[in-house]
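Asks: pasting a predicted model and its sequence here:
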Amino acid sequence: MALFARRPVAPLEYTRKTWMRLWVGATLVFLYAPLLVLMVFSFNDSKRNVAWKGFTLKYYEKALNNDTLVEALVNSLTIAALATVVSVILGALAGVMLWRFRFPLKGAVEGVMSLPIIVPEICMGVAMLIFFAKVDWPTDLPWPLNLSAITIAHITFCFPFVAMVVRSRMASFNREQEEAAKDLGASEWATFRDILLPHMKPGLVAGALLAFTLSLDDFVITFFTSGPDTITFPVKVYSMVRFSVTPEVNAASTILILLTIALTAVALKLQGVKGIAETH
Amino acid sequence: MSGIENSGNLRLGRRSLLQSLGVAAIGISLGGLAACGKKDEKPAAGGTTKIAPTGEEPKLNFYNWDTYIGETTLADFQAAGGAAVNMTLFASNDELFAKLRAGNAGYDVIVPSNDFVERMAAADMLTPLDHSLIPNFKNIAPEYTDVAYDPKRKHSMPYTWLTLGIGYRKSKVNAVPDSWKVLFDSDEYKGRIAVLSEAGDMFRLYAKYLGKSVNGLTEADIKTIEAMMIKQKPNIKAFHEDNGQDMLLKGEVDLVLEYNGDIAQAMKEDDDIGFVLPKEGSQFNSDNLCIPKGAPRPKNAHAFINYLLDAEAGKKITETILYPTPNAAAKALMPDDYKNNPVIFPPAELLAKCEYAQYNPKLQPLYEEAFTRVRAS
Amino acid sequence: MSLQDWKQHRRPFAAIASAPLFWLVLFFLVPMGIVWLYSFGQNSGPADIAITGTLDNYKRATEWLYLSIFGKSLAVAALVTLICLIIGFPVAMAITFAAEKWRPWLLLAIMLPFWTNLLIRTYALMMLMGSNGYANRGLGALWDGASWLKTLVGLQPLEAWAPVPLLYNNFAVVLGLVYVHLPFMVLPLYSALDRLDKSLIEASLDLGAGHFRTLTKIVVPLAGPGIAAGVMITLIPALGAYLTPDLMGGTDSQMIANVIERQFKRANDWPFGAALSFLLIYAMFILVAIQSLRGDRKKEAR
C-alpha cells in the first residue's frame, strides 16, 4: 500500500493515501451516479425517463405547482424532524439502560428492543393499522396533530436503531472517568451531562442521521398509518411512479436534494464545522 | 393570467348565486350560464351536470389510481358547485383492500376493480349506492349497467374497462404474436418476455390458453399450469409489477403482458410498439367508483360519482387516460381516432371471448402458493 | 467494567428505563401482539379473522418451500452485508482519519443519497443498468475500443458487443441492496472507529506491524462492537427487503419478505402472513437473546 504514496505520509493519514482516496472516490461515484442521472433527466422533455428528448424546465414548474406534492413534502419533513428528536432521546436512554444496568430478563428486553428492526415492514405496518383502528385514534385532527399516528409509528421503528448505535458507542467508554467525577462530588445528573453525554455525542449524531433517514424514506408503515389528509412524500411518490417514473418526480427529488445540501451547508456554517465534528 | 383570475371570481359569484337562487331546482344548465357570463373558450365547468348543494362540508376524499383522472376534472367539479376534492393515490387493489379492511380512515370515493368490488361487497365494506342521486347512470352503455360482479350496480358505477393482451415491439417480432403461446409455451422469444407478477391473472390467462374459462379452474388445472409455468420460466426475463409498458419502451423486453390502455399510452410515444388481443381470448377488468362504508360525506360522494359519469366530464377524463370508457355518451364525444382505435377497442369477435374474473376466496390462496413455488423453483 | 445492578440504583434506573420501556410496550408490543394472535387464526371472511388457536399456519410456514426461500434470502442478505462491510470499512476509516474540517462533509456525502426516496433511487439505478442504460453503453464503448485496438495491431476484431444483462437477475438484486444499505454500515462503523485510541495504532505501526496486520490485530478487534452493530443494522433490513427484488430481480429472485408481503396484500391471508413473520421474528429473537446472554456471561467472568 505504501508503494503508492508519492510523498511521505504520516502513518495515520489514511485519507492521504492514494488507494484510500480511490476507494472513497469510487464509493461516492457508485452512490452518486444514479442521482446524477436522475437530476439530468428531470430536465428531459419527455413523459418518461427512457430517452433524452430535449431540455425543459416545465417539470419543475409542474412539481412546484403540485400542491399535494409540496404538502406531502412538508408532512414528511415534519414527521422526520419530530421522530428524530424523540427517537434520539428514547434511543439514548435505551442504549444507556442496556449498557449500564443488570436487570432481570435483560436478554428478553434486548431481544424485544431489536424486534422493530427485525419485524418485516409490512407486518409492522399491518400491526399499526389494526392498532390505531382498534384504539379509534382520531384521524380528523388539525395539522400537525393529524400526523401523530405516523410519527408514533416512525419513532417505534427508529429508536431501536439509535439505541443500537449508542450502545456500541458506549462500549468504548472509560468507566473510571465517571467514577472519578462522582468521587469529586458531581451529582448523577451532572456526571451524565458532563461526562457521558459528550462521549455519546458521535453516537447520537449517527443515530439521529439514521433515524432521520429511516423516517424520511419509510413507505410501508407510513402507508398503513396515513389517512387521506396525511400523505407523505414516499407515499405520494410510490403511487406516482408505480406505473411509470415521470420527470416530475425527478424534478421534485432534485429540488429536495439541493434543498438538503443547502440546509445542511447553512447548518454546518452556523454551527461551525467543528461543532458537529467535535468528538475529541 | 387575468383570465384565470376572472374565471375565479366568476366561479365564486356564480356559485353563491346558484345557492341563493336554488338554481339547481329550476334546472338552468351551467353550460348555458357560462356562455352568458363569458365567452367559453375555456369553460369553467367540464360538464353540463348541475350540482346541487348537498348540505355537507364541501370536501371530498377521493382515493384513486395515478394518472386516472382528467387534467382539470377536479377543478371543474368544484367550479360547477361541487366539493373541493382531495385526491390521494393507491397503486394496487391489494393495497386498497388491505388499507380499508381495518376501517375507513376518511375516504369518500374509491376505485376498486371488478373482483374487488365483489370482495369488498362480500366483506360489507361498501355503501349501497342511491341511484336517484346518480341520474347520469343513463350515460352508461347497456352492457355495463348490470354485471355479474355487481348485480344491478348496487355498489358500484363503471369508470373504465380494460383487457389484458400482448404489447410488442414491431421490429423485433417475426410475426404478430396473436396467441398466448408465444408468452406461455414457447422459446421463440427467449429472454425477451415480461409477464405479470399477479398470480391470479397469470393462472386465469393460462386457462384461456388451454381453452378453459377464467373462472373454471380446478385444483388439477392449477397443478398442470404450475408445471407449464416452471417449464416456461427460463424464457421469461421478469415478472413485472404492472410497469410492462416501461420495460417495452426501454427496450428491456420485446413482448410484454399488459393492459391495453397502458400500451395505448406507450404507443403514443413510440411508433414501433403494437398491441394484440390473443385469439384465445382474454380477461376483462373494470375499474369502478364506489363509496366505502363509513364514508364521512356520502352525499358529496354521490354528487361526485354522478359528475364523473357526465358526458363532457367523461370525455375529458378519457382524453387523458386513453382507457376504454363504458360511458356511451362520453365515447360519442370522442374523436374517431379514439373510437376506432383497435388497441383501445379490440374487435368485437375477440372481445366476445373475454371474461370477467370472479372473486374466488378458495382458489386465490392456491394461485398464490403455486406461483410462489414457480418463483422458487 | 462491571454492570450496575438495578436494585442498587433504582432511581437512575427508573429515570433511564421507564420511557423507552413504556413506549416499546404500548406502541410496539401491543400492536404486534394483535398480529401474533392472528397467526393462530384463520380467515373467516374476506375481512374477518377468527382466532381459533390453530397451528396450521405455522405448519404451512415450516414447509420446505418456505424454509428454502428463507434460506436463500438469508444467503443473499449475508452476501450483501459482507460486500457492504468490505466497501464500508475503508470508507469509515477514511472518514475517521480525515482532517477535522472534512469529516462532517464526508459523513454527509455518504448520507445524502439516502435522503432521496428509496423508490426513486432504485429507478435511477435501474436507468443506469438497463440493456440500453449508461453502464452498458460505457462497457460497449470500451469493448469497441478494445476491438479497434486489436485491429490496429493486426488481430481479428472482437465480435459485436451484446449488452450485458445487468438487470432482472440475482446480481441486480445484490447490487441494488448494497446500494441501498451501504450507509447503514458506514455510520455505526464510523461511530465505533472514531473513538478508537489512535495511539494504539501508532504503537503497532511503530513496533513494525504492517498496516494490514495492525488492521486485523488492533483496529478490527477494537471496533468489534461497531462492526457487530453495522452487521446487524445491515443484515436485518436486507433480509426484509422486498422492493429491490420486486423491481430489479428476475424470475427467481423472490425473497422471504416478498412472500410475506404477498400474504398481507394479494393473497389476503393475514394469519399466514403473520405466522411467516413471526417465524422470522422467533429465529432472530432467539439469536439476539443468546448473544446477549453470552456477552453478559463473558463480561461477568472477567
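Replies: Structure received.

Asks: contacts, neighbours, all on C-alpha from now
Replies: Will do.

Asks: check which helix or strand covers B:Y63.
Replies: strand B:59-64 (DSSP states H and E).

Asks: put the alpha carbons of the following helix or strand past that strand into PDB.
Replies: Sequence-wise, the next helix or strand downstream of strand B:59-64 (DSSP H and E) is helix B:73-79. Output of helix B:73-79 as PDB, limited to C-alpha atoms (Å, rounded to 0.1, in the frame of the first residue of the first chain):
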ATOM      1  CA  THR B  73     -61.700  17.300 -13.800                       C
ATOM      2  CA  LEU B  74     -61.400  18.000 -10.100                       C
ATOM      3  CA  ALA B  75     -61.200  21.800 -10.500                       C
ATOM      4  CA  ASP B  76     -64.100  21.700 -12.900                       C
ATOM      5  CA  PHE B  77     -66.200  19.800 -10.400                       C
ATOM      6  CA  GLN B  78     -65.500  22.400  -7.800                       C
ATOM      7  CA  ALA B  79     -66.200  25.200 -10.200                       C
END
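
Asks: sorry, back to before: paired strands for the strand holding B:Y63, with orientation please.
Replies: Here strand B:59-64 is paired, per DSSP bridges, with strand B:84-89 (parallel), strand B:109-110 (parallel).

Asks: nearest to C:T234, of these?
Replies: strand B:84-89 (31.1 Å; CA to CA).

Asks: buried residues in the closest one?
Replies: Using 16 or more other CA atoms under 10 Å in any protein chain shown as the burial criterion, the residues of strand B:84-89 that qualify are B:A84, B:V85, B:N86, B:M87, B:T88, B:L89.

Asks: next: stretch C:192-204.
Replies: For stretch C:192-204, by 16+ other CA under 10 Å, it's C:A192, C:L193, C:D194, C:R195, C:L196, C:I201, C:E202, C:S204.

Asks: near chain A, from these?
Replies: Counting by CA under 8 Å from any CA of the partner chain, C:A192, C:R195, C:L196, C:I201, C:E202 from those sit close to chain A.

Asks: so the fourth one is in which element?
Replies: Just to be clear, that refers to C:I201. Per DSSP H and E: helix C:198-206 holds C:I201.

Asks: CA atoms only: put that helix into PDB for me.
Replies: This file holds the C-alpha atoms of helix C:198-206, laid out as PDB (Å, rounded to 0.1, in the frame of the first residue of the first chain):
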ATOM      1  CA  LYS C 198      -5.200   6.200  17.900                       C
ATOM      2  CA  SER C 199      -2.100   5.900  19.900                       C
ATOM      3  CA  LEU C 200      -2.600   2.100  19.900                       C
ATOM      4  CA  ILE C 201      -2.500   2.100  16.100                       C
ATOM      5  CA  GLU C 202       0.600   4.300  16.100                       C
ATOM      6  CA  ALA C 203       2.300   2.000  18.600                       C
ATOM      7  CA  SER C 204       1.500  -1.000  16.500                       C
ATOM      8  CA  LEU C 205       2.900   0.700  13.400                       C
ATOM      9  CA  ASP C 206       6.000   1.900  15.300                       C
END
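
Asks: from the contact counts, what lies against that helix?
Replies: In terms of contacts (3 or more CA pairs under 8 Å, 6 or more residues apart in numbering or on different chains; DSSP states H and E), helix C:198-206 is packed against helix C:211-214.

Asks: next one: the helix it packs on to chain centre, how far?
Replies: Relative to its chain's centre, helix C:211-214 lies at 27 Å (CA atoms, centre = their mean, to the nearest Å).

Asks: on that earlier part again, give me the contacts around the strand holding B:Y63.
Replies: If you take CA atoms under 8 Å, 6 or more residues apart in numbering or on different chains as the criterion, strand B:59-64 is touched by A:228, B:83-90, B:106-111, B:297, B:300-301.

Asks: now B:I110: how far from chain A?
Replies: Separation of B:I110 from chain A (CA to the nearest CA, to the nearest Å): 11 Å.
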